[in-house]
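# sequence and predicted structure, then a few things I'm wondering about:
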Protein chains: 2
Amino acid sequence: MALSTFRKSGYYNTSMSDLAEACGLQKGSFYHYFPSKEAIMASVLDSVCQYLKAKVFSIAQGTDLEPRARMEKMLLKLGKALLSQEGGCIIGNTTLEVAGQDIAFKATLKSVFEDWLSAMTHIFKEDYPEGTAGRLAQQSVMEFEGAVMLSQLYDSDQYLKDVFVRTLSKMK
Amino acid sequence: MALSTFRKSGYYNTSMSDLAEACGLQKGSFYHYFPSKEAIMASVLDSVCQYLKAKVFSIAQGTDLEPRARMEKMLLKLGKALLSQEGGCIIGNTTLEVAGQDIAFKATLKSVFEDWLSAMTHIFKEDYPEGTAGRLAQQSVMEFEGAVMLSQLYDSDQYLKDVFVRTLSKMK
DNA sequence: GTCTATATCAAGATAGAC
DNA sequence: GTCTATCTTGATATAGAC
């Protein structure tokens, strides 16, 4: 799949041949579906973004569970979807890779972080005043991305698990 | 300079022509100094690593200043040297770019994070028990790298400044 | 819709003149 | 030590047969 190839190898270090091979096609066949490599990445990021909105960040808005349980459910799903995959976090990886470049799909990256921050803030607001909730959310997101970085480098999930526990412990 | 080019454009997205141009040379001339692009990056990271060891992380060991003042001095210098440059943090950027690849200079990246963690832990230990100090150090490093990511994406220093204040406020 | 073949270009790297 | 010229390879992308 294109997603896992991009996540493992990065955007610039992934070639059309790599993508074609991962999808069981020849290079030429790929251009029947997408006009360019940039369009493929844009499509990959769009579907990640939509999935997160619909299946992960939406958990924050639920009313069936206590705030703390919602936070736990959301973080667990986020961990599985985004962070504990081989290659880490496609959103974080790609953000650092293209931050300085002039590339269309940067808007999608921004929107993921915005939705992520909103979801975290929404849950924290049930235990904290608005300003504090926003700061805690920001802090958690940054810690998660930092943890993915160290988890990648040292090939260990420990950093990620620590942040998971620490974030959850902030809920009453 | 090679450092700023790699920091702005990343490892794979920087070509030998880019590096040569940034140094005011022709492509061919570059191979008089370095045998390959990988060797250039290795050399860049080595000098960053050595600079941090000698001029930044060493501050943690000083005895002339109070722990809190040492932390502030170190974080300020770290911010200038590593984080608030155009393109963000060469260490963090490169880590995510090559984490899954088989590349020699990954060892240098690891050693920077180890030294960074040690330095932070050393200062925290003056106000906290050892275990807590280690956890606070880890948390701070991850927050810093997460903050650089968001600062890059939104082209704002605010995230970084927030972490700076938050980290410093943990010292008595 | 998938393939093979190919066009075009830029990449990393080398050779040799000056 | 720096240049120009060039080699080789692999990249993105296209054309056209099946």
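The structure has been received and is ready for your questions. Keep in mind the model is a prediction, meaning the values are calculated, not measured.

# please identify the residues of chain A in proximity to DNA strand C?
Residues of chain A lying close to DNA strand C (Cβ under 7 Å from any atom of the strand) are A:Gly24, A:Leu25, A:Gln26, A:Lys27, A:Gly28, A:Ser29, A:His32, A:Tyr33. C-beta coordinates here come from the backbone N, C-alpha and C atoms, glycine included.

# for the third one, give me its contacts.
When you say that, I think you mean A:Gln26. A:Ala20 (Cβ atoms under 8 Å, 6 or more residues apart in numbering or on different chains).

# relative to chain B, how far out is it?
According to Cβ to the nearest Cβ, to the nearest Å, A:Gln26 stands 24 Å off from chain B.

# and that residue, what pLDDT?
With respect to pLDDT, A:Gln26 has a value of 96.

# around DNA strand D, pick out the residues from chain A.
A:Thr14, A:Ser15, A:Met16, A:Ser17, A:Lys27, A:Gly28, A:Tyr31, A:Pro35, A:Ser36, A:Lys37, A:Glu38.

# quick one, which of the residues you listed are buried?
A:Thr14, A:Lys37 (16 or more other Cβ atoms under 10 Å in any protein chain shown).

# among the residues of chain A next to DNA strand D, which ones are in helices?
A:Met16, A:Ser17, A:Lys27, A:Gly28, A:Lys37, A:Glu38 (DSSP state H).

# is the last one in contact with A:Lys106, as I believe?
So the one you mean is A:Glu38. No. At 11.2 Å, A:Glu38 does not count as touching A:Lys106 under the criterion of Cβ atoms under 8 Å.

# show me where chain A has helices.
Taking DSSP H as the test, the helices found in chain A are A:2-9, A:16-22, A:27-30, A:37-51, A:67-78, A:90-98, A:106-124, A:130-154, A:158-168.

# out of those helices, which one sits most buried?
Of all the helices of chain A, helix A:90-98 has the most neighbours on average by mean count of other Cβ atoms under 10 Å in any protein chain shown, namely a mean of 25.

# neighbouring contacts of that one?
Counting by Cβ under 8 Å, 6+ apart, A:3, A:6-7, A:10-12, A:41, A:44-45, A:48, A:82, A:87, A:105-106, A:109, A:112-113, A:145, A:148-149, B:10, B:13, B:88, B:92-93, B:96-97, B:149, B:152-153 sit against helix A:90-98.

# A:Ile91 and DNA strand C, how far apart?
26 Å (Cβ to the nearest atom of the strand, to the nearest Å).
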